[in-house]
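In: Sequence unavailable; structure follows:
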(Lines give C-alpha, C1' and ligand atoms only; values in the text may rest on other atoms or scores of the structure.)
Protein backbone atom coordinates (compact mmCIF):
# COMPACT_ATOMS: atom_id res chain seq x y z
CA UNK A 1 0.00 0.00 0.00
CA UNK A 2 2.84 2.41 0.84
CA UNK A 3 4.48 1.74 -2.49
CA UNK A 4 1.34 2.50 -4.50
CA UNK A 5 0.58 5.54 -2.35
CA UNK A 6 4.04 7.01 -3.03
CA UNK A 7 3.77 6.42 -6.78
CA UNK A 8 0.32 8.02 -6.97
CA UNK A 9 1.46 10.98 -4.85
CA UNK A 10 4.37 11.61 -7.24
CA UNK A 11 2.10 11.36 -10.27
CA UNK A 12 -0.36 13.85 -8.79
CA UNK A 13 2.41 16.20 -7.68
CA UNK A 14 4.07 16.38 -11.10
CA UNK A 15 0.99 16.30 -13.36
CA UNK A 16 -0.84 19.49 -14.24
CA UNK A 17 -4.60 19.64 -13.50
CA UNK A 18 -5.40 19.04 -17.19
CA UNK A 19 -3.14 15.94 -17.26
CA UNK A 20 -3.95 12.27 -16.95
CA UNK A 21 -2.87 9.61 -14.46
CA UNK A 22 -3.35 5.91 -15.17
CA UNK A 23 -2.99 3.12 -12.61
CA UNK A 24 -2.89 -0.52 -13.62
CA UNK A 25 -1.93 -4.03 -12.61
CA UNK A 26 -1.44 -7.33 -14.37
CA UNK A 27 -0.51 -10.92 -13.62
CA UNK A 28 1.35 -12.69 -16.40
CA UNK A 29 1.38 -16.40 -17.31
CA UNK A 30 4.12 -17.08 -14.75
CA UNK A 31 1.94 -15.33 -12.11
CA UNK A 32 4.39 -12.43 -11.78
CA UNK A 33 2.63 -9.26 -10.68
CA UNK A 34 3.20 -5.86 -12.28
CA UNK A 35 1.80 -2.60 -10.93
CA UNK A 36 2.22 0.69 -12.74
CA UNK A 37 1.41 4.35 -12.39
CA UNK A 38 1.70 6.46 -15.53
CA UNK A 39 1.17 10.18 -15.91
CA UNK A 40 1.30 12.94 -18.49
CA UNK A 41 3.28 15.12 -16.11
CA UNK A 42 6.53 16.97 -16.47
CA UNK A 43 8.63 13.84 -16.93
CA UNK A 44 12.22 13.13 -16.03
CA UNK A 45 15.16 13.71 -18.35
CA UNK A 46 16.57 10.31 -19.39
CA UNK A 47 20.00 11.09 -17.98
CA UNK A 48 18.41 11.86 -14.57
CA UNK A 49 16.33 8.70 -14.09
CA UNK A 50 18.97 6.88 -12.01
CA UNK A 51 19.54 10.05 -10.00
CA UNK A 52 15.89 10.24 -8.82
CA UNK A 53 16.31 6.76 -7.35
CA UNK A 54 18.98 8.02 -4.95
CA UNK A 55 17.68 8.99 -1.47
CA UNK A 56 17.30 12.71 -0.74
CA UNK A 57 17.86 13.64 -4.39
CA UNK A 58 15.65 16.10 -6.23
CA UNK A 59 16.16 17.28 -9.75
CA UNK A 60 17.30 20.84 -10.15
CA UNK A 61 15.06 21.92 -13.02
CA UNK A 62 12.71 24.87 -12.60
CA UNK A 63 9.64 22.63 -12.98
CA UNK A 64 10.83 20.16 -10.37
CA UNK A 65 11.78 22.89 -7.90
CA UNK A 66 8.14 24.05 -7.83
CA UNK A 67 7.38 20.83 -5.94
CA UNK A 68 8.95 20.29 -2.56
CA UNK A 69 9.66 16.95 -0.94
CA UNK A 70 12.35 14.97 0.79
CA UNK A 71 13.38 13.02 -2.29
CA UNK A 72 12.51 9.70 -0.67
CA UNK A 73 9.40 8.57 -2.57
CA UNK A 74 10.98 6.70 -5.48
CA UNK A 75 13.97 5.35 -3.51
CA UNK A 76 11.54 4.01 -0.90
CA UNK A 77 9.39 2.42 -3.60
CA UNK A 78 12.43 0.73 -5.10
CA UNK A 79 13.52 -0.54 -1.66
CA UNK A 80 10.03 -1.95 -0.97
CA UNK A 81 9.96 -3.68 -4.37
CA UNK A 82 13.41 -5.17 -3.78
CA UNK A 83 12.45 -6.31 -0.27
CA UNK A 84 9.67 -8.34 -1.91
CA UNK A 85 12.05 -9.83 -4.48
CA UNK A 86 10.95 -7.44 -7.22
CA UNK A 87 12.21 -4.46 -9.12
CA UNK A 88 11.17 -0.94 -10.03
CA UNK A 89 11.63 0.54 -13.49
CA UNK A 90 11.04 4.04 -14.81
CA UNK A 91 10.22 5.08 -18.34
CA UNK A 92 10.04 8.81 -18.84
CA UNK A 93 10.24 11.51 -21.45
CA UNK A 94 10.97 15.02 -20.19
CA UNK A 95 7.93 17.21 -20.82
CA UNK A 96 5.76 14.21 -21.75
CA UNK A 97 5.27 12.09 -18.65
CA UNK A 98 6.47 9.12 -16.64
CA UNK A 99 5.55 5.48 -16.15
CA UNK A 100 6.83 3.70 -13.05
CA UNK A 101 6.40 -0.07 -13.03
CA UNK A 102 6.92 -2.39 -10.09
CA UNK A 103 7.35 -6.04 -10.99
CA UNK A 104 7.02 -8.68 -8.29
CA UNK A 105 7.89 -12.38 -8.56
CA UNK A 106 5.22 -15.10 -8.75
CA UNK A 107 5.64 -16.11 -5.12
CA UNK A 108 4.31 -12.64 -4.10
CA UNK A 109 0.95 -13.37 -5.79
CA UNK A 110 -1.74 -15.38 -4.03
CA UNK A 111 -2.37 -18.79 -5.57
CA UNK A 112 -5.71 -19.07 -7.43
CA UNK A 113 -8.58 -19.57 -5.02
CA UNK A 114 -6.67 -18.37 -1.95
CA UNK A 115 -8.33 -14.96 -1.91
CA UNK A 116 -11.91 -14.53 -0.80
CA UNK A 117 -13.96 -11.32 -1.11
CA UNK A 118 -13.41 -9.10 1.89
CA UNK A 119 -10.11 -10.81 2.79
CA UNK A 120 -7.71 -8.02 3.84
CA UNK A 121 -4.54 -10.13 3.94
CA UNK A 122 -3.45 -9.39 0.38
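Out: It's in. Nothing here was measured: the structure is a model prediction, and the numbers come from that model.
In: Just checking, which helix or strand of this structure averages the lowest pLDDT?
Out: helix 62-65 (a mean of 48; mean pLDDT, DSSP states H and E).
In: Okay, buried residues for the helix or strand following it please.
Out: Per DSSP states H and E, the first helix or strand lying C-terminal to helix 62-65 is helix 73-83. When burial is assessed from 16 or more other Cβ atoms under 10 Å, helix 73-83 yields the following buried residues: 73, 74, 75, 77, 78, 80, 81. (Each C-beta comes from the backbone N, C-alpha and C, glycine too.)
In: Any chance of a markdown table for the residues you listed, columns distance to residue 54 and pLDDT?
Out: Output for the buried residues of helix 73-83, formatted as a markdown table (distance: Cβ to Cβ, whole Å; pLDDT from 0 to 100):
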| residue | distance to residue 54 | pLDDT |
| --- | --- | --- |
| 73 | 12 | 83 |
| 74 | 9 | 91 |
| 75 | 6 | 91 |
| 77 | 13 | 94 |
| 78 | 10 | 95 |
| 80 | 16 | 94 |
| 81 | 16 | 95 |
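In: Low-confidence stretches in the protein?
Out: For the chain, the stretches with pLDDT under 70 are 56-71, 110-122.
In: which residue ranges form the strands in it?
Out: 21-27, 33-39, 87-93, 97-104 (DSSP state E).
In: re the thing from before, and the buried residues of helix 73-83, which is closest to residue 52?
Out: Nearest to residue 52 among these, counting by Cβ to Cβ, is residue 74 at 5.3 Å.
In: ok, the closest one to residue 101 distance?
Out: 12 Å (Cβ to Cβ, to the nearest Å).
In: Name the residues contacting each of the two.
Out: Common contacts of residue 74 and residue 101 (Cβ atoms under 8 Å, 6 or more residues apart in numbering): 88, 90.
In: show me the contacts for residue 37.
Out: Here residue 37 is in contact with 4, 7, 8, 10, 11, 21, 22, 23, 99, 100 (criterion: Cβ under 8 Å, 6+ apart).
In: Same check on residue 33?
Out: Here residue 33 is in contact with 25, 26, 27, 103, 104, 106, 108, 109 (Cβ under 8 Å, 6+ apart).
In: Great, nothing more from me.
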